[in-house]
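Student: have a look at this prediction, sequence included:
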Amino acid sequence: MACNHFRSAISARATGTPLPATVTEQALDHHLTSCLSCSRWSKHLTTLRAATDDILRRRRPAGAPQEPV
């Protein structure tokens, strides 16, 4: 399978949405251990997601919902 296909699954995992029907968790984990490029991309995406969530939490006005809308 092409890396682009796995990168869609990596994005889904990072956002907590279901993986594409054609990619299992096991297949994604295997690909991440065997593809340095996707492994790096996954780590960068996870870091970016965490930083973005942190910024949104710190900038949330008093009384705003806990989760971004």
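Tutor: Sure thing, it's come through. Residues are numbered from 1 along each chain as shown.
Student: His31: neighbour count?
Tutor: Look at His31: counted by other Cβ atoms under 10 Å, it has 20 neighbours. (Each C-beta comes from the backbone N, C-alpha and C, glycine too.)
Student: from here on, count from 583
Tutor: From this message on, residue numbering opens at 583, which makes the last subject His613.
Student: that one: which element?
Tutor: Assigned by DSSP states H and E, His613 belongs to helix 607-616.
Student: contacts for the very next helix or strand once past that helix?
Tutor: Moving toward the C-terminus from helix 607-616, the next helix or strand (DSSP H and E) is helix 618-640. Residues from elsewhere that reach helix 618-640, judged by Cβ atoms under 8 Å, 6 or more residues apart in numbering: Cys585, Phe588, Arg589, Ile592, Ser593, Arg595, Ala596, Thr597, His613, Leu614, Thr615, Pro650.
Student: what stretches of this structure score poorly on pLDDT?
Tutor: Flagging of the chain using pLDDT under 70 yields the residue ranges 583, 646-651.
Student: cutoff 50 now
Tutor: Scanning the chain for pLDDT under 50 picks out nothing.
Student: center of it, which residue is that?
Tutor: Nearest to the mean C-alpha position of the chain, counting by Cα atoms, centre = their mean, stands Ala596 at 1.7 Å.
Student: and that residue, what does it touch?
Tutor: With Cβ under 8 Å, 6+ apart, Ala596 has these contacts: Ser624, Leu627, Thr628, Arg631.
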